[in-house]
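**Student:** Provided below for reference: sequence and predicted model.
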Amino acid sequence: MSLFALITALLLEQFHPLSSRKYLYGWLSSYVLFFQLHFNAGQREHGKIAWLLAVLPLLAGVVALYWLLYHVHPLFAWALNVLVLYLTMGFRQFSHYFTDIHLALREDRLDEARGLLSRWRGMPSHELNAEEVARVTIEQALIASHHNVFGVIVWFVLFSALGLGGAAGALLYRLGQFLRAHWGNADKYDLGEFGGFARQAFYVLEWLPIRLTAMTFAIVGDFENTVYCWRTQAANWPDSEAGILLASGAGALGVRLGMPLPQGGVMEDRAELGIGDDADADFMQSAIGLVWRSVVFWMVLLLLLTLATLPVQVN
């Protein structure tokens, strides 16, 4: 049933994107702000307590609701999984930016592409040329596809396998990501030691999904180049976990990512990731193909695992 819940949520998100997601994020922002205001005394231990109080009751409530619905009828529990997946995952959370930038570059509308990329990444992009816009857009797409699709799927499947209901796993990953962004992101919010536990917790939550995503890129892309870039280049990126994702994606595509970028009149020093040609609109199309092949691969793998666990009747 986990496989069918995933497929249903993906189809729903494709054909009927959630238009009110910003209100959900607004509620979550108010929710985490409550714990921040009441527990932030500048110490790591206070951040740990706030994180646990913000996350564990919600997880326990979702697990209890799943089992209650399951005992009423398994179809209700399945519907809960679909609903939570619909709220926590999906391509439409980022694909409109990618598609519009891709089209703008195809039609040589560089200024429009720069403006779209600036809104997406929250940083000025008016100094970037067409190759740099394509390069950064591919990087953003690889990271966004992992956070919005693959990471959610991994924790959904893990909780399903443990019998806790996949919805709680998807919620755990997204809450961990949200708290990392609001409490543990030193570039945007200076919360000092209070955000330390949020950073550590999300590192733990990301450890397995990042590596599974990178392995999938190797399988559905250029295997040899992916493994080479992963082993030799990922550690050069400031965030080593993101480096694994970007290096493996670049290797799978045969494109060069990273590299210095102009920012505020100076060159921002960034490590080179990947081997091959410079990024362009064609590689942007290849990146979407890589992501979709990865999704199909995971769905097929889950189908095989589901079939393998079915009871065998002997006449």
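**Tutor:** That came through, no problem.

**Student:** okay, R256: pLDDT?
**Tutor:** What the model reports as pLDDT for R256 is 92.

**Student:** now Q263
**Tutor:** Taking Q263 on its own, its pLDDT is 81.

**Student:** likewise K188?
**Tutor:** 62.

**Student:** cool, T213 as well?
**Tutor:** 95.

**Student:** tell me which helix or strand it sits in.
**Tutor:** helix 196-220 (DSSP states H and E).

**Student:** could you pull out the buried residues of that helix?
**Tutor:** Neighbour counts over helix 196-220 (16 or more other CB atoms under 10 Å) mark 196-198, 200-203, 205-206, 209-218, 220 as buried. All C-beta spots, glycine's among them, are computed from the backbone N, C-alpha and C.

**Student:** does that helix pack against any helices or strands, and if so which?
**Tutor:** If contacts are counted by 3 or more CB pairs under 8 Å, 6 or more residues apart in numbering; DSSP states H and E, helix 196-220 sits against helix 44-72, helix 151-161, helix 166-183, helix 223-233, helix 240-253, helix 281-309.

**Student:** show the pLDDT at the residue positioned nearest the centre of the chain.
**Tutor:** Compute the mean C-alpha point of the chain, and by CA atoms, centre = their mean the closest residue is H147, 0.6 Å away. With respect to pLDDT, H147 scores 92.

**Student:** name the nearest residue to it, sequence neighbours excluded.
**Tutor:** Q177 (6.1 Å; CB to CB, 6 or more residues apart in numbering).

**Student:** how much space separates that neighbour from L52?
**Tutor:** Applying CB to CB, to the nearest Å, the value for Q177 to L52 is 16 Å.

**Student:** cool, W207 as well?
**Tutor:** According to CB to CB, W207 and L52 sit 19 Å apart.

**Student:** next one: G151
**Tutor:** Distance, G151 to L52, using CB to CB: 21 Å.

**Student:** show me which of these two is the more surrounded one.
**Tutor:** Neighbours were tallied for G151 and for L52 using other CB atoms under 10 Å; the higher tally belongs to G151 (26 against 13).
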